[in-house]
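> coords below, sequence missing:
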Ligand SMILES: [Zn+2]
């Protein structure tokens with residue numbers, strides 16, 4: 001199912017996009033920012049579908065749109081007309097998604113795009129071009145894209161998707177209307193997992209908290225043996241102060257071999273959540289995320305001073321940022337684990 005209704009949360013971006021459709025004010029370029037898995041791609045697809053839906057197209061009215069002065073679009077695609085069905089099967093000819101080739105969106109891809117948009121769209125509607133990871137544009141490709149934005153083609157909109165606005169050249173950003181997508185609130189995400197993905201409520205709450213507001217991350221976690229992994233990592237870090245340096249380095253090496261960055265981030269998130277639970281155990285036990293480990297959390301929390309826990313949480317956050325920034329995973333983990341092992345335990 002596609003359409004704005006299938007996006008969890010994101011009320012402001014949805015409202016903004018539907019207003020553009022209602023008023024027929026289609027800008028030349030939109031920029032969607034926000035972390036992975038919060039609905040940006042689905043919003044781009046829903047927008048393109050609604051703009052091209054033939055099912056419940058309202059009669060033309062006067063509006064002040066840019067390229068569509070006499071058009072007014074439905075705000076939700078019908079899902080059943082020929083165009084919507086083509087969208088659903090990925091075959092609508094005027095919806096073009098550009099993904100990076102490997103790690104980079106290359107100049108050749110933008111040249112191809114320029115050639116394509118020099119021609120008229122296939123259909124009578126709006127051509128939508130989505131750059132799914134605009135932060136992977138290299139310098140040359142960025143400059144070429146800037147030329148596209150400077151001479152906007154008719155009946156075409158570009159949608160650039162990227163985590164942060166700072167990932168792009170300011171000259172590109174200034175030519176786009178910016179829409180910010182926020183992480184999905186934990187409660188909402190947990191409710192969706194419980195209702196639509198038949199998860200146990202406690203499990204859904206844990207996964208939602210762990211996923212940092214990302215729906216795709218939550219679904220990926222749901223399909224892993226996360227309880228086993230969480231229990232393993234907690235045991236390892238709680239024994240770290242008595243482990244030898246060699247053991248700690250070996251563990252960093254083992255985890256560092258993990259090619260999948262997401263999976264390492266999941267483990268770091270589990271460590272962070274564990275320390276967070278230890279920190280709040282005394283004051284707000286009802287807010288503990290590892291609810292199934294409530295008794296252990298309470299017992300272990302007695303061993304720590306609040307400052308130690310705060311320092312450890314900061315150390316994990318630092319490691320998460322470094323991994324995001326592509327610093328060598330093994331080095332980051334070695335550094336983190338040695339810090340966690342070094343920090344003295346303050347017994348109250
Ligand atoms: Zn339709």
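Nice, thanks for sending it over. Being a predicted model, the structure only gives us computed values, none of them experimental.

> please count neighbours and contacts with C-alpha atoms only from this point.
Noted.

> how about residue 221, secondary structure?
helix (DSSP: H, G, I helix; E, B strand; the rest coil).

> typo on my end, it should be residue 159
Under the three-state scheme (three-state DSSP), residue 159 adopts strand.

> isn't it up against residue 31?
Yes - Residue 159 is in contact with residue 31 according to Cα atoms under 8 Å; the separation is 5.8 Å.

> show residues contacting stretch 103-114.
If you take Cα atoms under 8 Å, 6 or more residues apart in numbering as the criterion, stretch 103-114 is touched by 98-100, 133-134, 136-138, 140-142, 144-145, 148.

> of those, select the buried ones using a PyMOL command.
Typed into PyMOL, the line below selects the buried ones among the contacts of stretch 103-114, using 16 or more other Cα atoms under 10 Å:
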select buried, resi 98+99+100+133+134+136+137+138+141+142+144+145+148
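
> let's have the contacts of stretch 103-114 in JSON lines, adding secondary structure and distance to the ion.
Converted to JSON lines, those look like this (DSSP: H, G, I helix; E, B strand; the rest coil; distance: Cα to the ion, whole Å):
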{"residue": "98", "secondary structure": "strand", "distance to the ion": "23"}
{"residue": "99", "secondary structure": "coil", "distance to the ion": "25"}
{"residue": "100", "secondary structure": "coil", "distance to the ion": "29"}
{"residue": "133", "secondary structure": "coil", "distance to the ion": "27"}
{"residue": "134", "secondary structure": "helix", "distance to the ion": "28"}
{"residue": "136", "secondary structure": "helix", "distance to the ion": "32"}
{"residue": "137", "secondary structure": "strand", "distance to the ion": "33"}
{"residue": "138", "secondary structure": "coil", "distance to the ion": "36"}
{"residue": "140", "secondary structure": "helix", "distance to the ion": "38"}
{"residue": "141", "secondary structure": "helix", "distance to the ion": "34"}
{"residue": "142", "secondary structure": "helix", "distance to the ion": "34"}
{"residue": "144", "secondary structure": "helix", "distance to the ion": "34"}
{"residue": "145", "secondary structure": "helix", "distance to the ion": "30"}
{"residue": "148", "secondary structure": "helix", "distance to the ion": "29"}
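
> now, among the contacts of stretch 103-114, which is nearest to residue 234?
Distance to residue 234, by Cα to Cα, is smallest for residue 133 among the contacts of stretch 103-114, at 34.2 Å.

> pipe the contacts of stretch 103-114 into TSV and attach pLDDT and distance to residue 27 per row.
TSV is the format used below for the contacts of stretch 103-114 (pLDDT from 0 to 100; distance: Cα to Cα, whole Å):
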residue	pLDDT	distance to residue 27
98	96	19
99	96	22
100	95	24
133	96	20
134	96	18
136	95	23
137	95	22
138	93	25
140	95	25
141	96	22
142	96	20
144	95	20
145	96	16
148	93	14
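
> and the gap between the residue nearest to residue 278 when sequence neighbours are not counted and residue 333?
Nearest in space to residue 278, with sequence neighbours left out and distances taken as Cα to Cα, 6 or more residues apart in numbering, is residue 301 at 4.7 Å. According to Cα to Cα, to the nearest Å, residue 301 stands 24 Å off from residue 333.

> secondary structure class for residue 212?
Per three-state DSSP, the local secondary structure of residue 212 is coil.

> thinking it is in contact with residue 183, fair?
Yes - here residue 212 reaches residue 183: they are 6.8 Å apart, a contact under Cα under 8 Å.

> residue 133 against residue 164, yeah?
No - using Cα under 8 Å, residue 133 makes no contact with residue 164, being 10.7 Å away.

> retrieve the pLDDT associated with the residue nearest to the spatial centre of the chain.
In the chain, the residue lying closest to the centroid (Cα atoms, centre = their mean) is residue 36, at 1.3 Å. The per-residue pLDDT reported for residue 36 equals 89.

> and it, what are its phi and psi?
Dihedral pair for residue 36: phi -60, psi 140, per degrees, to the nearest 10.

> quick one: contacts for it?
Applying Cα under 8 Å, 6+ apart, we find residue 36 in contact with 163, 214, 216.

> need the contact list for the second one.
For residue 214, the contact set (Cα under 8 Å, 6+ apart) comprises 35, 36, 37, 38, 183, 184.

> can you give the domain ranges for this structure?
Using automatic domain parsing, the domain ranges for the chain come out as 4-180, 224-342.
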